[in-house]
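**Q** Here is a sequence together with a model predicted from it:
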Amino acid sequence: MNFSPIISQFFQIFWYLIPLLVVVGILKSSWFKGFLGEFIVNISSKWLLDKNKYHLLKNVTLPTTDGTTQIDHIIVSIYGVFVVETKNMKGWIFGTENQRTWTQKIYKHSNKFQNPLHQNYKHVNTLEQLLGLKKNQIHSLVVFVGDCTFKTVMPENVTYGIGYAKYIKSKKQPVLTPKEVSEIINKIEKGRLRQSFNTNLVHVTHVKEIKNKKKNTIACPKCGSQMVQRTSKKGNTFWGCSRFPKCRGTKNM
């Protein structure tokens, strides 16, 4: 029996399957999920927010004292600067404002991930220093997209889907002048690193280094920064946030 036609047909099917498998792999990758989440916010912001009042800056990478930080979206208006962190996740989401880690549960499987408010804290802090903003002029905002459901009561600045626009519009007290808005946009544009593959690669490498370092350190329960050993006036030792006095997070040894 001649198997050549069967083998030939097999290889033809195999070569058709390769692109399909590549596409499936990309669609399931964390990179694509992040891209899709950011894309949803980009598109919906154009529909839901008046572009004459709200100015969107996306995928902003800024230099920091220890490397870089990458911000999904920055929305600038007279009502403040909104720093947006996007999460594309599925399943049940459990978490509170001050917890270091939140939980994602899909059926019987549970997965821990960093509190996105803590994750966004560095973004907010970097912009505060760059722009010289006051606390009431900058807002941290987390947007979840995807097939997920909150199973605990979330802070008002943690939203789902297009709910982020409602939060932004709820800020009706002007805290910046139109001139200050223009100056802020110019400062961000001048201070950001050029969007390129190399910029993204350097940032990804920096994030991996931070994750490896955190495995061997104790994180602050309030902001997620590294904790250091301190001694109280009474002589008791404890863990204190390295960002003290800006952050007063403590933990017993």
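**A** Looks like it came in fine.
**Q** mind showing which ranges of the chain have poor pLDDT?
**A** In the predicted model, the chain carries pLDDT under 70 at residues 1-39, 42, 195-216, 223-224.
**Q** Walk me through the domains of it.
**A** 26-199, 218-253 (automatic domain parsing).
**Q** how about the helices in the stretch 1-150 of the chain?
**A** Secondary structure of the stretch 1-150 of the chain (DSSP state H, counting those that start in this stretch): helices at 4-28, 30-48, 116-131.
**Q** Report the distance from the last one to the chain centre.
**A** The gap between the average C-alpha position of helix 116-131 and the chain average comes to 10 Å, counting by CA atoms, centre = their mean, to the nearest Å.
**Q** buried set for that helix?
**A** 116-118, 120-128, 130-131 (16 or more other CB atoms under 10 Å). All C-beta atoms are positioned from the backbone trio N, CA, C, and that covers glycine.
**Q** The residue nearest to the spatial centre of the chain - nearest residue in space that isn't next to it in sequence?
**A** What sits nearest the mean C-alpha location of the chain, by CA atoms, centre = their mean, is E85, with 3.5 Å. Leaving aside its chain neighbours, E85 sits nearest to N120 (4.2 Å; criterion: CB to CB, 6 or more residues apart in numbering).
**Q** what residues are up against the one you found?
**A** By CB atoms under 8 Å, 6 or more residues apart in numbering, N120 lies in contact with 83, 85, 140-142.
**Q** got it, and V142?
**A** 84-87, 116-117, 120, 157-159 are the contacts of V142 under CB under 8 Å, 6+ apart.
**Q** just those residues now: which is nearest E183?
**A** V84 (20.6 Å; CB to CB).
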